[in-house]
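In: my questions concern the predicted model and sequence given below.
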Amino acid sequence: MKWWNVFRRTPPAISKEQALDLAQQFSKERGWYWSEPVDVKLGWRGWRIYTNSHSRGANIIILIHRDTGEILEARFLPR
């Protein structure tokens, strides 16, 4: 079995809504500006949240582990 099939077959422990809530709370704690629209995608490592997805600048990119809810990466791109 290929390694990527394991992630396709097992649902994540953290739901899309939970990942979005975690990302909003994380950005609020740091004083980062949260702007809509928000793009949320599930990858092999976890949930990728990308704010202000239709524009360049004022973007927040957060990667949340799919099973533990741990924040793996977080970046604020002011422009």
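Out: Ah, there it is. Numbers count the residues shown, from 1 in each chain.
In: avg pLDDT for stretch 45-59?
Out: On average, the pLDDT along stretch 45-59 is 89.
In: quick one: end-to-end distance for that stretch.
Out: Stretch 45-59 has its terminal residues 20 Å apart, counting by Cα to Cα, to the nearest Å.
In: quick one: buried residues of it?
Out: By neighbour count on 16 or more other Cβ atoms under 10 Å, the buried set for stretch 45-59 is 46-52, 59. The C-beta positions use only the backbone N, C-alpha and C, and glycine is treated the same way.
In: from those, pick the one nearest residue 27.
Out: Using Cβ to Cβ, residue 51 comes nearest to residue 27 of the buried residues of stretch 45-59, at 7.7 Å.
In: any idea how far that closest one is from residue 13?
Out: To residue 13, residue 51 is 23 Å away according to Cβ to Cβ, to the nearest Å.
In: repeat for residue 52
Out: From residue 52 to residue 13 the distance is 28 Å (Cβ to Cβ).
In: do residue 58 as well
Out: Distance from residue 58 to residue 13, by Cβ to Cβ: 31 Å.
In: I'd like the distance from the host helix or strand of residue 61 to the chain centre, please.
Out: Element membership of residue 61, judged by DSSP states H and E, is strand 59-65. Put simply, strand 59-65 sits 4 Å off its chain's centre (Cα atoms, centre = their mean, to the nearest Å).
In: so where's this structure uncertain?
Out: 1-9 (pLDDT under 70).
In: report the contact partners of the closest residue to residue 73 other than its chain neighbours.
Out: Sequence neighbours aside, residue 63 is the residue nearest to residue 73 in space, at 4.1 Å (criterion: Cβ to Cβ, 6 or more residues apart in numbering). Residue 63 sits next to 43, 45-49, 71-74 when contact means Cβ atoms under 8 Å, 6 or more residues apart in numbering.
In: quick check, nearest of those residues to residue 22?
Out: Closest to residue 22, out of all of the contacts of residue 63 and judged by Cβ to Cβ, is residue 71, at 7.2 Å.
In: the closest one and residue 55: what is the separation?
Out: Taking Cβ to Cβ, one finds residue 71 at 23 Å from residue 55.
In: that concludes my questions; thank you for your assistance.
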